[in-house]
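Asker: just coords:
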């Protein structure tokens, strides 16, 4: 059965420090996109996860999954209420799977825990429409690591190993294939040296016009 699509909703994806938040701000300020940033504040598990992933990976992912479900519903509702405005979401419930899978692959989430996670994840997806498109900022893990240490400089992220970022990169490749199978248009953008906000705007506009949305 074909999944429903929210025609003026775009999700922005990419690895840690890929440059999503900066791009999101540019699209919002320059072109009036309604931007919903990734929730990073008031996370009771973030610092604990980076310090002790074996203990905190599962509660961290389940907490984030529920939060991203809520944020995606908020984005869908705003898009439905404002059909002439493009809504863009910084990370989504769809890519929450990337981080859970990576933790499972690394042994931080057990088989049983991952099965429970997937049950809730798939249940949520059954209740939610696809976005019009997924924009993926493709940045090599080595570049992400440099930005983490020299640009973002968040204390809790300074110890992130390159292996973790490489794992996320590989899991994102799987997500791209899955989104295509679900009927969602995916746009893979080389963002290793950043790029033009105008170019991204044109791509977003083209995607939504194909969905018969007037911007």
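Answerer: In hand now; what should we look at? Predicted model only: the values in this text are computed from it and were never measured.
Asker: Now do the phi/psi pair for the spatially most central residue of the chain.
Answerer: Geometric centre of the chain, nearest residue: residue 91, 2.3 Å, by C-alpha atoms, centre = their mean. Phi and psi for residue 91, reported as degrees, to the nearest 10, are phi 60, psi 150.
Asker: How much space separates the nearest residue to it once chain neighbours are set aside from residue 24?
Answerer: Computed as C-beta to C-beta, 6 or more residues apart in numbering, the closest residue to residue 91 that is not its neighbour in sequence is residue 38, at 4.5 Å. No exception for glycine: its C-beta is placed from N, CA and C like everyone else's. Applying C-beta to C-beta, to the nearest Å, the value for residue 38 to residue 24 is 9 Å.
Asker: Neighbour count for the two, which is higher?
Answerer: residue 24 (21 against 17; other C-beta atoms under 10 Å).
Asker: so the more buried one sits in a strand?
Answerer: No: according to DSSP: H, G, I helix; E, B strand; the rest coil, residue 24 belongs to no strand; its state is helix.
Asker: how far away is it from residue 18?
Answerer: According to C-beta to C-beta, residue 24 stands 11 Å off from residue 18.
Asker: mind showing which ranges of the chain have poor pLDDT?
Answerer: 1-2, 40-41, 209-215 (pLDDT under 70).
Asker: quick one: the helices in it?
Answerer: Along the chain, counting by DSSP state H, helices occupy 20-31, 46-51, 53-81, 93-105, 111-127, 141-147, 162-181, 197-210.
Asker: if we can go back for a sec, what do residue 38 and residue 24 both touch?
Answerer: residue 90 (C-beta atoms under 8 Å, 6 or more residues apart in numbering).
Asker: Residue 166 contacts residue 143, correct?
Answerer: No: Residue 166 is beyond contact range of residue 143, at 11.9 Å (criterion: C-beta atoms under 8 Å).
Asker: can you tell me how far the residue nearest to the centre of the chain sits from residue 112?
Answerer: Counting by C-beta to C-beta, the gap from residue 91 to residue 112 is 26 Å.
Asker: Quote the end-to-end distance of stretch 83-91.
Answerer: End-to-end span of stretch 83-91 (C-alpha to C-alpha, to the nearest Å): 21 Å.
Asker: now stretch 122-132
Answerer: 19 Å.
Asker: And for that stretch, what's in contact with it?
Answerer: Under the contact criterion C-beta under 8 Å, 6+ apart, stretch 122-132 has outside partners 3-11, 65, 69, 72-73, 76, 89, 92-94, 179, 182-185, 207-208, 211, 213.
Asker: One more: stretch 146-155?
Answerer: Stretch 146-155 is contacted by residues 16, 17, 18, 19, 139, 157, 158, 160 when judged by C-beta under 8 Å, 6+ apart.
Asker: rerun that using 10 Å as the cut-off
Answerer: 15-19, 21-22, 40, 46-47, 50, 139-140, 144, 157-160, 165 (C-beta atoms under 10 Å, 6 or more residues apart in numbering).
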